[in-house]
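J.: quick check, what structure comes out for this input:
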Amino acid sequence: MAKNNKKKKSEEPIALDVQLTKAEAFFEKNAKWIIAVICALILVSVCLWLFNKCQGDKEIEAQNAIATAQKAFSEDQFEEALNGNKADVNSKGLLKIIDEFSGTKTANLAKLYAAICYIKQDKTDEAIKYLKDFDTAKDNSISPIALEMLGNSLITKGDKEGGAAKLIEAAKAADNESLSPVFLRQAAIIYEDLKQNDKALELYEQIKSKYPQSAMCQGDENGTQIDAYIESLKK
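T.: Numbering: from 1, shown residues only. Reported below is the predicted structural model:
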């Protein structure tokens, strides 16, 4: 037994040497590939860091650039807000901000401003373009309004089904007692106009069950608005 133990102990270093030799051989055989992978990982990490830093700098620059356009917008100077003040070489309009600072939250917000400018100028097609480009995921707080605007713009152009769908999406995005019932009511009116009373009734019942504290569900001794809407469709 002692001899066997001695034999096992003497074999261990040899086995370890064999493993090291195999590892060395593998590395030597694949050295270029391993080094290339390591370098690629380092490069990706550096690129991500630089991208995030540049995006941060780009965002700050975009925020500074949009200030004059916001001022023009607040003064109902919609053409100037869109294209900038031609007398001021440093003035950037919303359209240029969207182009130059693509990918930033500010450029995304500029799309919504631009859409409103076009709506105010009765240019619905242009408004729809920018409302569709607006990334609702980047601006959750105002996404319900953007969706509602898109819905009503589509309705204006005759796409009532598409518009109603966007209004329902807006209600879901808002999900509160103030806005959601209003958006759902708008969609229900469209469905009534399309003679799709079953869909309209479903939306009214959704308002009653999901938003009982909303103004539509708060009535007096004569009942509530929502009950009146529901009853009118059940007749």
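J.: who are the contact partners of the residue nearest the centre of the chain?
T.: In the chain, the centroid-proximal residue (Cα atoms, centre = their mean) is A137; its distance is 1.8 Å. Taking Cβ atoms under 8 Å, 6 or more residues apart in numbering as the contact definition, A137 lies against S143. (Each C-beta comes from the backbone N, C-alpha and C, glycine too.)
J.: look at it and report its pLDDT.
T.: The predicted structure scores A137 at 78 on the pLDDT scale.
J.: go on, N222?
T.: As predicted, N222 sits at a pLDDT of 70.
J.: give the burial count for it, as a bare number.
T.: Using other Cβ atoms under 10 Å, N222 is surrounded by 7 other residues.
J.: so where do the helices sit in this structure?
T.: Secondary structure of the chain (DSSP state H): helices located at 2-74, 78-83, 94-100, 105-120, 124-133, 143-156, 160-174, 180-193, 197-210, 225-234.
J.: what is the mean pLDDT for the third one?
T.: Here helix 94-100 scores 96 as its mean pLDDT.
J.: may I have it as CSV, with CA atoms only?
T.: Taking Å, rounded to 0.1, in the frame of the first residue of the first chain, the C-alpha atoms of helix 94-100 are listed here in CSV:
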residue,chain,number,x,y,z
LEU,A,94,-35.8,73.3,-34.3
LEU,A,95,-35.2,71.5,-37.6
LYS,A,96,-31.5,72.1,-37.5
ILE,A,97,-31.4,71.0,-33.9
ILE,A,98,-33.1,67.8,-34.8
ASP,A,99,-30.6,67.2,-37.5
GLU,A,100,-27.4,68.3,-35.8
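J.: just how off-centre is it within its chain?
T.: Computed by Cα atoms, centre = their mean, to the nearest Å, the separation of helix 94-100 from the middle of its chain amounts to 18 Å.
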